[in-house]
Structure formats: C-alpha cells, structure tokens
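A.B. asks: Quick one: sequence and predicted model below, then my questions.
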Amino acid sequence: MSEKFCGANCATPDLEMLSSSRTTPVAAFVFMALGATGLTLGDFFIKLSMGAGVSFAELLTFAWPLTVVLLVLVAHLNGGIPHHLSARNRWPLLVRTLLLLVMSWLNITSLSLNPYAQHAMLFQLSPVFALLIGVALFGEAATKSTLLVLAMCLIGTWLVLKPDAQGLSFSLLFAVAAAFMNSATNAYIAANNKAATALGYTFYAVNGVLLIAGPYWLLFERKVPSLEALLWIQLSALFAVSGLVFVGRAFILAQQNIGQVSTMLYVQIPIAVVLGWAVFGEAPPPTAILGSVFIVIAGVIISRRSTKDAQNLSPKC
C-alpha cells in the first residue's frame, strides 16, 4: 500500500543520482503523474474497503501478502533483493514500523470518516510539514519564503477544515495528523538512511506492522472480508505500490529538477475531487477548493526552492 500505509511516499534520491543537466525529461513528469494517480487510487480503494465494513486490522492483514510480493519483485528488478532487503541496523527499522503503524491508523481513520477529496487536499500538507521539520530539527534556514509558505498553509488548512457555516470539521484533523506523520516518517528515513534503502525500510515496516495487526485480527476479529471487499483491498495494495514505483522512477529521471517534477503530485487533488463526486456523491464546498489552492501554491513554492538547492549542489562544468 502507499506510504500512507506502507507511507508511499517516496524516498529522496541520493545526490549521486543528480546529474548536471538542467533539462528535465518529459518522461519524468509523466511518471510522476502516473505515480500520483496510483497513490490516489490506493487511497480510493482503501476508502471503498472501509465502506464495505473492513476493519483497520483486517485491511492491514489481508493487504500484506500482495504488498510484500510486489515489494520483493520491485527490489529484484531495481538493484537486487540483497541490496534492498539486507537489514544493516534493526533499531531504525523497528522505529520505522511504529511510525508506519501510527500513520496508517491516522490515514485510514481519516479516509473512513471524511470526504475523500478533502482528505486528499489536506494530505498535500506533507511537503510543508517536511519543510518545518527541517527548520526545527535539522537547522535549515527559516527564510521569508518559509514564513509565506506557513501562512498560506494555515489559511488553506482553515478553509478546508471549516468549509461551511456548520463549523470546524474536527474529523479532518486526522488527515492533517496523517500528513504530519508522513513527513516525520520520511524525515526519519532520511536521517537514518544507512540502516536500509527506502524500499528496505518499507518492506520491513510492512512486515512489522503485520506482526501487530495480524495477531490482533486473529485474537479479536477473525472476520474474513467479502469477495468484493477483498478485491478493494488487493487493488489498494496494487495501486499504492505501483504509485511508489512510478514516483521513484520519476525522481531518478528528474535529475536535479526534483522540485519541478514533484509538483505533478498535486494532480492527486483533481483526481480525488472527480472520484469523490462520481463514486461517493461528494462535492467539496468552494471554500475547501480555495483552501486546496493555497496549499498547492505553498507546495509549489517549496518545490521551486528544492530545485534551486539541487542545482546549487550539482557539479558545475
């Protein structure tokens, strides 16, 4: 499933992958758009699964086999299984497992309680949280653009959380918390990248989560999903892992222009709006759409900043 379940989200490529060319291949944008679509569909099928009465432990347990098979296949095709799945330090892998468990619960709970499109809008706060974590914990400079991004995100988040006169939608705070945990997880992986590759972290975390969710399901639930729900669960795993693969490929093709290519991740919002309207009959209020625009603009500012930083780090001829 995604970094939202198996935390999706995509590892930042090593600097060795960044070439000095300043031309971004069109294929990088295409792969990023495909990856964003896959991650969005992964969440879409999670929401369908929860609508079919699947529990949190049930979802994690029955998504595990296909997720693991796909991750092993990806490892085999991209550098080999020993390279990705050889654990070099077990403690960071344990912490990663706990982070994934918390983030999975937050993300899945948000999907089960909230309109699909508004959940997707708020999850786009992840890059902003990553920026704030960098400033707070890793000594990155707090510039004027940082303050501008923060202000825009606060406005955008408020507009999405309070879409009408009925008041604040507190359940949407689960989506905000999931976005924060996604960023915290990625920051932890980046700070401990010698323990395993990003794919290795995901593989061991998925298996670690099963060691918690599986026994819970076996002891307290033992309910087998219906055939329809089982199909949704497998599709959520398939699309989420596929999304990660496409995003990873896009990062490699992006060279030093990672920030520019990352903006394609925001296609998740219109896809989620269309799916939410067509399948669930959910039409987000205009204020929520306006809020998502603020969040996207803030994310684009961060992306442009990331591109400039990568270009400054790349070797000059």
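C.D. replies: Sure thing, it's come through.

A.B. asks: Report the residue spans of the stretch 101-250 of the chain with pLDDT below the cut-off.
C.D. replies: Counting by pLDDT under 70, the stretch 101-250 of the chain contains low-confidence ranges at 163-168.

A.B. asks: ranges for the helices of it?
C.D. replies: For the stretch 101-250 of the chain, applying DSSP state H, counting those that start in this stretch gives helices covering 116-123, 126-137, 144-161, 173-191, 198-216, 227-254.

A.B. asks: JSON lines for those helices, including distance to residue 284 and mean neighbour count?
C.D. replies: Where you see a C-beta, it was placed from the backbone N, CA and C, and this is true even at glycine. Below are those laid out as JSON lines (distance: least, Cβ to Cβ, whole Å; neighbours: other Cβ atoms under 10 Å):
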{"stretch": "helix 116-123", "distance to residue 284": "5", "mean neighbour count": "27"}
{"stretch": "helix 126-137", "distance to residue 284": "19", "mean neighbour count": "20"}
{"stretch": "helix 144-161", "distance to residue 284": "8", "mean neighbour count": "18"}
{"stretch": "helix 173-191", "distance to residue 284": "13", "mean neighbour count": "21"}
{"stretch": "helix 198-216", "distance to residue 284": "31", "mean neighbour count": "21"}
{"stretch": "helix 227-254", "distance to residue 284": "22", "mean neighbour count": "22"}
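
A.B. asks: ok, now which ones touch the closest residue to residue 52 other than its chain neighbours?
C.D. replies: In space, and not counting its chain neighbours, residue 52 is closest to residue 229: 3.9 Å by Cβ to Cβ, 6 or more residues apart in numbering. Neighbouring residues of residue 229 by Cβ atoms under 8 Å, 6 or more residues apart in numbering: 49, 52, 53, 54.

A.B. asks: do you know how far residue 39 is from residue 148?
C.D. replies: In this view, residue 39 and residue 148 are 27 Å apart by Cβ to Cβ, to the nearest Å.

A.B. asks: Same check on residue 113?
C.D. replies: Remark: distance between residue 113 and residue 148 (Cβ to Cβ) = 31 Å.

A.B. asks: now swap in residue 92 and tell me
C.D. replies: 34 Å.

A.B. asks: Could you pull up the residues touching residue 54?
C.D. replies: Residue 54 makes contact with 62, 225, 229, 232, 233, according to Cβ under 8 Å, 6+ apart.

A.B. asks: ok now stretch 187-206, how far from the chain's centre?
C.D. replies: 14 Å (Cα atoms, centre = their mean, to the nearest Å).

A.B. asks: Any chance you could list what contacts that stretch?
C.D. replies: Applying Cβ under 8 Å, 6+ apart, the contact partners of stretch 187-206 are 1, 3, 6-7, 10-12, 64, 67-68, 71-72, 74-75, 78-79, 83-89, 91-93, 95-97, 99-100, 130, 133-134, 137-138, 244, 248.

A.B. asks: what's the answer for stretch 267-280, then?
C.D. replies: For stretch 267-280, the external contacting residues (Cβ under 8 Å, 6+ apart) are 33, 36-37, 39-41, 43-44, 47-48, 115-117, 119-121, 123-124, 282-284, 289, 292, 296.

A.B. asks: swap in stretch 81-93?
C.D. replies: 72, 75, 78, 188, 192, 194-197, 199-201, 203-205, 208.
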